[in-house]
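A.B. asks: Sequence first, then the predicted structure, then my questions.
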Amino acid sequence: MSQSLFERLGGTEGIIAIVDDAVDAHMKNPHVSARFVPYLDTPEKLALVKQHSVEFFSEGSGGPAKYSGKDMVNAHKGMNISRDEYTHVVDDVMITLVNHKIDEVTQKDVLFILWSLKEMIIGQ
């Protein structure tokens, strides 16, 4: 039997590490850092964003966690995220997956999921 996406991402611990590193990459990415760096002043909000991201990826990849955040449209409502910003965020995630030595098939699966969400996030 083949492994689930959750298992291929390293389970809960792997997803936590990927989310931590992806958020760090967003903070260093000049195209999206203005959206993420302010979270450094509100560590409780940063922790919640990371928690929701971990839950989202865990549940969506077949893991045991249940996502407790808002739906994608309402979670991004009023943020007016541009297509360019979304692309940079996806690029950061993909680079993070490479850095975590996640195989190419799994990278493509994650890219498919992220790309399927774009219309629920861009321009909301």
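C.D. replies: Sure, I can see it. Numbering: from 1, shown residues only.
A.B. asks: Could you find the closest non-adjacent residue to the most centrally placed residue in the chain?
C.D. replies: Nearest to the mean C-alpha position of the chain, by Cα atoms, centre = their mean, lies residue 53 at 5.5 Å. Leaving aside its sequence neighbours, residue 53 sits nearest to residue 19 (Cβ to Cβ, 6 or more residues apart in numbering; 4.6 Å). For every residue, glycine as well, the C-beta is placed using N, CA and C.
A.B. asks: What's the local residue count around the one you found?
C.D. replies: Per other Cβ atoms under 10 Å, the neighbour tally for residue 19 reads 22.
A.B. asks: tell me the contacts of it?
C.D. replies: Going by Cβ atoms under 8 Å, 6 or more residues apart in numbering, residue 19 touches 50, 53, 54, 57.
A.B. asks: between the residues you listed, which is nearest residue 73?
C.D. replies: Among the contacts of residue 19, residue 53 lies closest to residue 73 (Cβ to Cβ), at 16.5 Å.
A.B. asks: related to what we said a few turns ago, doesn't the residue nearest to the centre of the chain lie inside a helix?
C.D. replies: Yes. Membership of residue 53 in a helix is supported by DSSP: H, G, I helix; E, B strand; the rest coil.
A.B. asks: residues in contact with it?
C.D. replies: Neighbouring residues of residue 53 by Cβ under 8 Å, 6+ apart: 19, 22, 23.
A.B. asks: just to revisit the earlier point, the residue nearest to residue 53 sits in which helix or strand?
C.D. replies: Element membership for residue 19, per DSSP states H and E: helix 11-28.
A.B. asks: What's the mean pLDDT across that helix?
C.D. replies: Helix 11-28 carries an average pLDDT of 98.
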